[in-house]
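Participant: have a look at this prediction, sequence included:
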Amino acid sequence: VVLGSGVVECLIGSALTRAGKSVLLVDQTDVYGSDFASFTVGGLLGSQDPAVNPNVGPAEQSHGADQQLDLPAGVHAVPLDRPGLPISDVETWQVPGCSVGNERSFILDLAPKVLYQGEELVDVLVRTRAHNYLEFKAVEGCYILQGGALVKVPASRADVFKDKKLGLADKRQLMAFISAAMDAAQGLGRLRAALSSPQPLAQLVASEGLSPKLAAIVLYGIAMAWAAQQQPSSQQQAAASASPPSTDSGASSDGSHDAAGISGQVSAVQGAEALALFTSSIGRFGSPGAFMAPTYGCGSVAEALVRHCAVHGAVTALRHPVSSILVGPRSAQVVTDGASVAAAAGEAGAEDGGAAAGGDGAPTDAPTSRPAAEAGSSSAAQAEARGNTGSSSAPHAAADPNTPVVRGIVCSSGQVLECREALVGSARALRSLLDTSSSSSSQAVPSLVLARAIAVLDGPLHAGEAMATVVIPPRSEGISNEHPIQGLLLSPSSQVAPPGRWLLYLSTPATASSAPATGPSGQLLAALSQLADTAGLQGPGAKASAGVGEASSTGRDAAAGTDGSVPGTGHAAAPAAAAQAKPKVLRAHFFRQELCMPSLLPPQPHQGPPQGGAAPSDGGAATAAAAPAYASITAALPPNVVCCPGPDPCLMGYMAAVSQAQALLKAHFPGVTWLADLPRPGEDGDEGAGAGSGEVEDEIDDLAAALAKLEQVAHAE
């Protein structure tokens, strides 16, 4: 049973269905994706009351959480809380009288991301044929804000020497570093040992003598670090080597974010991998950039994986909340009527107003269901049930028939569905279990709070490039941001906005210095003003409207107050970001978002840190020291529960989610083949070969040919 339809859960579910397992995916909302879902404006930023917003889940309360179940001896129900969307403090700013277009044409992502053209998820989509359900648009631009201007991120020899904003000395220095890094990837050159070490990338960059400008390009424009990478002085390096690293929650002294084992420090080996991925992605499918964006929002990636599961026999039930899980010995049988999972899910979906989907039929060993009893239970019994959730061994290792494991789930409709092997769920869906587990181990459930913004613009950031990525390094002039701010611009050609409107996402770790009184806009409004024309933009209660002049050709003078500051921020206005007219902000939503157990921790449960102490490569700068924290948090969960981390904070790439799914699959289902190891379409052993082997993607042994039918070049609007 899989709780949620996020990318990590769906990757594991896809691998299990390909291995012949019977899989049921249940999701409490009416859209695919869970933590990676896409919503309408009202669905994401509207009311969090389930009676008003169906994306939060059905309004009916469950039978299992507050009713006594007729269960076999030794089996007890552990209540699960029904989580709402992990956003808060929503502020909507807009220009009075300006129309943003058809509201229903906007598709907003809970976890906005673009794909590297060369990352592993692309290979997985092709090998599973899930790419048949997707279409991509090329992201042409990749920019970093320096000196108040957007400059292209150079990542190749041609890019470096085409850059007119870099001096000759800087070009030579950056090219020397990139060349040495590329040689190191082949096991050659002077940086071979340094780029294979766990030392911070910022320390290596400093030792190479790169200027702050070039260091920012490497750390934030290429390595895509989501937290500040402080370059320590010689005195700080000596002090750090003489004392153990801090384990306190919150922002660490070096500028990284270190909360409950979450670290934003990028190691040298991760930096080398990021550079190799960035350069190998550029132009892979004929487009000039390194990234591509799925149409109709990021939720379409999860939906494609769900469709792949359904083709191989899985059943999916939307708007189907789970109220509790049933824990008992493996020998216990919680369902006795022999109904198929397809019938059970279909009946429950009809009762809850949801939807159920499957392939050609459920396998013969599918989970079964029965109605729950109507008697009530006391809160004391629920509390006792929460505290008795089993041992800490891996699911595949728990062979004792008396070991307490998850034997089933209870839906809000009152149905009981049997779980005969494992329960796979997102950390947010299992949050109540994690809280119980962490309290027994005195280890807090790790979470990361982000400040985010979604702005509606009337044009692109750069003429001729409809979509782009943007990075604002820490402590940029006129912004004074503690951490880098990552941005993602999506065009109407990606089907996420009406014609003539663009979506700009901004994201950065929330900091203690952003006082609650200022709201989430206090951290990102100045950054938004650097990129676009915020003239006339008014917040709740018409605040920040004073001092805003008429829009000018550049937008910078108009966005600044009479004293030269950005309205409502107290920050001094920076020089104009570009000579061309900047797009106008018509509306902006600011909010805070919590990532529950983000995909930054080493995912292998109960196995300690990786050998050698090197940080695992997950694209999110995880640290080996976090492995014991993960094991401690999940130790009290039933052994057949697979807890999937949530999204990582970076807007670029799915590497963290893919590596988490692969590691969890290997740890809990060692005999199941990972999706990237499946044969390519048309190869020997491919299930699709045969009648469909004459298709174009089956005839040419190349990923580019397999993706040829996907539209890669976005047309400027």
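Facilitator: Arrived safely, thanks for sending.
Participant: and stretch 417-425, how far apart are its ends?
Facilitator: By Cα to Cα, to the nearest Å, the extent of stretch 417-425 from end to end equals 15 Å.
Participant: actually stretch 179-199, sorry about that
Facilitator: 20 Å.
Participant: find the nearest non-adjacent residue to Val151, please.
Facilitator: Leaving out its chain neighbours, the residue that sits closest to Val151 by Cβ to Cβ, 6 or more residues apart in numbering is Lys165, at 5.1 Å. From N, CA and C alone the C-beta is placed, and that goes for glycine too.
Participant: phi, psi for that neighbour please.
Facilitator: Phi and psi for Lys165, reported as degrees, to the nearest 10, are phi -90, psi -10.
Participant: how about it, what does it touch?
Facilitator: Taking Cβ atoms under 8 Å, 6 or more residues apart in numbering as the criterion, Lys165 is in contact with Gln146, Ala149, Val151.
Participant: same check, this time on Arg428
Facilitator: Gly4, Ser34, Asp35, Pro83, Pro86, Cys596, Gly646.
Participant: report the buried members of those residues.
Facilitator: Those of the contacts of Arg428 that meet the buried threshold are Gly4, Ser34, Asp35, Pro83, Pro86, Cys596, Gly646, by 16 or more other Cβ atoms under 10 Å.
Participant: hmm, which helix or strand of this structure has the shakiest average pLDDT?
Facilitator: Of all helical and strand segments in the chain, the minimum by mean pLDDT, DSSP states H and E falls on helix 556-559, at a mean of 33.
Participant: in its sheet, what does the next helix or strand after that helix sit against?
Facilitator: Using DSSP states H and E, the next helix or strand after helix 556-559 towards the C-terminus is strand 585-596. Here strand 585-596 is paired, per DSSP bridges, with strand 87-94 (antiparallel), strand 447-457 (antiparallel).
Participant: and those strands, which is most packed in?
Facilitator: Most buried of these, by mean neighbour count (mean count of other Cβ atoms under 10 Å): strand 447-457, with a mean of 23.
Participant: what about that one, average pLDDT?
Facilitator: The average pLDDT within strand 447-457 is 93.
Participant: just the CA trace of it, in CSV.
Facilitator: Below are the C-alpha coordinates for strand 447-457, written out as CSV (Å, rounded to 0.1, in the frame of the first residue of the first chain):
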residue,chain,number,x,y,z
SER,A,447,11.8,20.0,8.7
LEU,A,448,12.8,23.0,6.7
VAL,A,449,10.7,26.2,6.4
LEU,A,450,11.0,28.1,3.1
ALA,A,451,9.9,31.6,2.2
ARG,A,452,8.4,31.4,-1.3
ALA,A,453,6.7,33.7,-3.8
ILE,A,454,4.7,33.2,-6.9
ALA,A,455,4.4,36.3,-9.1
VAL,A,456,2.4,36.8,-12.3
LEU,A,457,4.3,38.9,-14.8
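Participant: which elements pack onto the helix or strand immediately after that strand in the chain?
Facilitator: Counting by DSSP H and E, the element after strand 447-457 in chain order, helix or strand, is strand 468-472. Secondary-structure packing of strand 468-472 (3 or more Cβ pairs under 8 Å, 6 or more residues apart in numbering; DSSP states H and E): strand 141-146, strand 485-490, helix 521-531.
Participant: moving C-terminal of the first one, what's the next helix or strand?
Facilitator: What it means is strand 141-146. Following strand 141-146 in sequence, per DSSP H and E, is strand 149-152.
Participant: returning to what we had before: just the closest of the contacts of Lys165 to Arg592, please.
Facilitator: Gln146 (27.7 Å; Cβ to Cβ).
Participant: who are the contact partners of that closest one?
Facilitator: Lys165, Lys213, Ala216, Pro473.
Participant: now do the SS call for the second one.
Facilitator: With DSSP: H, G, I helix; E, B strand; the rest coil as the basis, Lys213 sits in helix.
Participant: name the nearest residue to it, ignoring sequence neighbours.
Facilitator: Closest residue to Lys213 in three dimensions, ignoring its sequence neighbours and counting by Cβ to Cβ, 6+ apart: Gln146, at 6.1 Å.
Participant: in the sheet, who's paired with that neighbour?
Facilitator: Bridge pairing for Gln146 - DSSP bridges - gives Ala149.
Participant: okay, it: pLDDT?
Facilitator: Value listed for Gln146 in the pLDDT field: 89.
Participant: equivalent analysis for the one 3 residues further on, please.
Facilitator: Confidence per residue is given as pLDDT, and for Ala149 that number is 88.
Participant: how many neighbours does it have?
Facilitator: Ala149 has 16 neighbouring residues, counting by other Cβ atoms under 10 Å.
Participant: hang on, the earlier thing: of all the helices and strands packed on strand 468-472, which one comes closest to Glu103?
Facilitator: With Cβ to Cβ as the yardstick, what comes closest out of the helices and strands packed on strand 468-472 is strand 485-490 (16.6 Å).
Participant: mean confidence score for the closest one?
Facilitator: 96.
Participant: strands paired with the following helix or strand past that strand, and their directions?
Facilitator: Using DSSP H and E, the helix or strand that follows strand 485-490 in sequence is strand 502-509. Strand pairing for strand 502-509, using DSSP bridges, gives strand 447-457 (antiparallel), strand 485-490 (antiparallel).
Participant: can you tell me which of those comes nearest to Leu204?
Facilitator: Closest of these to Leu204 is strand 485-490, at 22.1 Å (criterion: Cβ to Cβ).
Participant: contacts for that closest one, please.
Facilitator: Residues outside strand 485-490 that contact it (Cβ under 8 Å, 6+ apart): 112-114, 141, 224, 226, 293, 457, 460-461, 467-472, 479, 496-497, 502-508, 524, 527, 531, 650-652.
Participant: and the angle from that strand to strand 141-146?
Facilitator: Strand 485-490 and strand 141-146 meet at an angle of 150 degrees, taking axes from the mean of the first three to the mean of the last three Cα atoms, to 10 degrees as the criterion.
Participant: with adjacent residues omitted, what lies nearest to Lys113?
Facilitator: Nearest non-adjacent residue to Lys113 (Cβ to Cβ, 6+ apart): Cys298, at 5.4 Å.
Participant: report how many residues lie close to the one you found.
Facilitator: 26.
Participant: again with Gly500
Facilitator: 12.
Participant: that one touches Pro492, doesn't it?
Facilitator: Yes - counting by Cβ atoms under 8 Å, Pro492 is a contact partner of Gly500 at 6.8 Å.
Participant: separation between the closest residue to Phe106 other than its chain neighbours and Asp109?
Facilitator: Counting by Cβ to Cβ, 6+ apart, Phe106 lies nearest to Val41, which is 5.2 Å off, once chain neighbours are set aside. The spacing between Val41 and Asp109, counted by Cβ to Cβ, to the nearest Å, is 12 Å.
Participant: higher neighbour count, these two?
Facilitator: Asp109 (24 against 19).
Participant: what are the bridge partners for that one, then?
Facilitator: Asp109 forms beta bridges with Ser38, as assigned by DSSP bridges.
Participant: quick check: closest non-adjacent residue to Cys98.
Facilitator: Using Cβ to Cβ, 6+ apart and skipping the chain neighbours, the partner closest in space to Cys98 is Leu586 (4.6 Å).
Participant: ranges for the helices of the stretch 101-250 of the chain?
Facilitator: Ranges of helices within the stretch 101-250 of the chain are 120-127, 157-162, 168-185, 201-207, 212-216, 234-242, based on DSSP state H, counting those that start in this stretch.
Participant: among the contacts of strand 485-490, name the buried ones.
Facilitator: By 16+ other Cβ under 10 Å, those give 112-114, 141, 224, 226, 293, 457, 460-461, 467-472, 479, 496-497, 502-508, 524, 527, 531, 650-652 as buried.
Participant: where does the prediction get shaky in the protein?
Facilitator: 47-69, 155, 230-263, 335-401, 436-444, 512-518, 542-580, 599-632, 681-717 (pLDDT under 70).
Participant: in ChimeraX, select just the buried ones from the contacts of Gln146.
Facilitator: Typed into ChimeraX, the line below selects the buried ones among the contacts of Gln146, using 16+ other Cβ under 10 Å:
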select :213,216,473
